[in-house]
Every structure is written in structure tokens, then in C-alpha cells.
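coords please:
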Amino acid sequence: MEAIQPSEATDWSSVIPLIQAQQRAIAERNRGGEAPETAAVSGSQVARPTESGLSEPEAAPAGAGNRPRDNAGGKTSRAMNDLTDAEERMVDAMKARDSEVRRHEQAHAAVGGSYASAPSYTYQVGPDGKRYAVGGEVQIDVSPVPDDPAATMTKMEVVKAAALAPAEPSSADRKVAAMADAQRAQAAADLTALRAAERRGDVDRRA
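Purely as a prediction, here's the structure:
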């Protein structure tokens, strides 16, 4: 299964310092005895922002679960009118990123059908205490159909369409599409060889 990553088009260069400042503030509060707020994804991983604006997985703290914890009772949520101007800008940027990531991954999943997994996301907690998707992936099956080059060709057409389904495919998406093209070309060659062998009588014709 090949992971398809979201578009890297969003420019977060002005937002990352704000996120880092917010994380430092949260860390300071945690030293006072408050339990840390974490956002976990599949495989007990948490997300951290990178310079590109995407999230990069890193190992979760010991004992961390596999699902993001909700803010029980809204204890850590803050109203927008309690935020500074910089924090409001960061929340707006995180909301936009969340929408972009979800659209991107859902496009992969919708077109990929049975060959694609459900989207999974990595999250970042904003200054308002809410979780926003900042990265995601869809696992897509690029393996050939055993002993059936014609079916493999059909499958790879779907795989390529799924990889390129988002409005702005990422470099990883284009890599998956190229893999599908290569698999389809190999299947076409195998099908040609099989039909030639059938004409020569080297193999039994299959109904």
C-alpha cells in the first residue's frame, strides 16, 4: 500500500513561529501540573509542524493512545474574543489548512474506491484549544492483480486517477501516479506476450 500525501502548496512560513510560541506556552503551563494536550494518529504518532507547513510524524510519548483526546467539558477551549490578534490569525490559517487537507484526502479516497483506505490525519491543537488537521494520508494499493494483466491494467487506471484526483496533487501523489503507469505498462507487455503465446499454442486459451 502506498501512502498519498496532501498538497504542499500552503505557505505556513508566517504561521509556524506562532505555533511554536503557542507550544512553548502550553509547555510552561504543563510544568505547573496540567496534563499535556496531545493529538495522536494511527500508530501512536503525534504531529509536529515543519517548515513546509506539513506535519511530520514523530514518536508519541509513552502511554499515549491512538486517538486524539477530546477537550473534556471544553476546559481548554478559548473563545475567539479571548485570543490575541496573532492567535486569531493562526486559528484562521489552521482552519484553512484543515479544510484543504480534508478535501485533498477525501478526493483520493473517493476516486480510489476499494483500492484506497479511509483518510487518516495528523492534528495540531490551536490556541483556541481545538484540533485541526495539518497533514494526512490515504493508503492506496498499487500491487498488480495476480495472473491477470488485463485486470491489472484496469486497476492501474483507477489508481492513477485516485492519485491525481486532488486539485493540486503533491509530489508524492505524482510518484504514485508514475508507479501506476509503470505497472500498467508492464501489464500491457505481459498481456501482449500471453496473447502471442496463445496464438502459438504454447498455453491453453482461457475462457
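
Correct me if wrong: Ala165 contacts Ala107.
Yes. Ala165 lies in contact with Ala107 (CB atoms under 8 Å); the separation is 4.1 Å. C-betas here are computed from N, CA, C, even on glycine.

Show me what counts as buried in the helix or strand that contains Ala93.
Using DSSP states H and E, Ala93 maps to helix 85-112. By 16 or more other CB atoms under 10 Å, the buried positions in helix 85-112 come out as 87, 90-91, 93-94, 97-98, 100-101, 104-109, 111-112.

Equivalent analysis for stretch 164-177, please.
Buried-residue list, stretch 164-177, by 16+ other CB under 10 Å: 164-166, 169-170, 172-173, 176-177.

Spatially, which two of those are the most separated?
Within those, two members stand farthest from each other by CB to CB: Ala165 and Ala172, at 13.3 Å.

Longest helix in the protein, please.
Ranked by residue count and defined by DSSP state H, the top helix of the chain is helix 171-200.

Which residues belonging to it are considered buried?
172-173, 176-177, 179-180, 183-184, 187, 190-191, 194.

export those residues to CSV and tack on pLDDT and distance to Val138?
Converted to CSV, these look like this (pLDDT from 0 to 100; distance: CB to CB, whole Å):
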residue, pLDDT, distance to Val138
Ala172, 93, 10
Asp173, 95, 10
Val176, 95, 10
Ala177, 96, 13
Met179, 96, 14
Ala180, 96, 14
Gln183, 96, 18
Arg184, 97, 20
Ala187, 97, 23
Asp190, 95, 28
Leu191, 95, 28
Leu194, 91, 32
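
Show me which of these is closest to Ala116.
Val176 (10.5 Å).

Pretty sure the closest one sits against Ala161.
No. Counting by CB under 8 Å, Val176 does not reach Ala161; the two are 10.9 Å apart.

show me where pLDDT drops low in this protein?
For the chain, the stretches with pLDDT under 70 are 1-80, 202-207.

Using PDB, write out every CA atom in stretch 155-163.
Extracted as PDB, the C-alpha positions of stretch 155-163 are listed here (Å, rounded to 0.1, in the frame of the first residue of the first chain):
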ATOM      1  CA  LYS A 155      -6.900  -1.300 -11.700                       C
ATOM      2  CA  MET A 156      -3.900   0.900 -12.500                       C
ATOM      3  CA  GLU A 157      -6.100   3.300 -14.400                       C
ATOM      4  CA  VAL A 158      -8.200   3.700 -11.200                       C
ATOM      5  CA  VAL A 159      -5.100   4.100  -9.100                       C
ATOM      6  CA  LYS A 160      -3.600   6.800 -11.300                       C
ATOM      7  CA  ALA A 161      -6.900   8.700 -11.300                       C
ATOM      8  CA  ALA A 162      -7.100   8.500  -7.500                       C
ATOM      9  CA  ALA A 163      -3.500   9.700  -7.100                       C
END
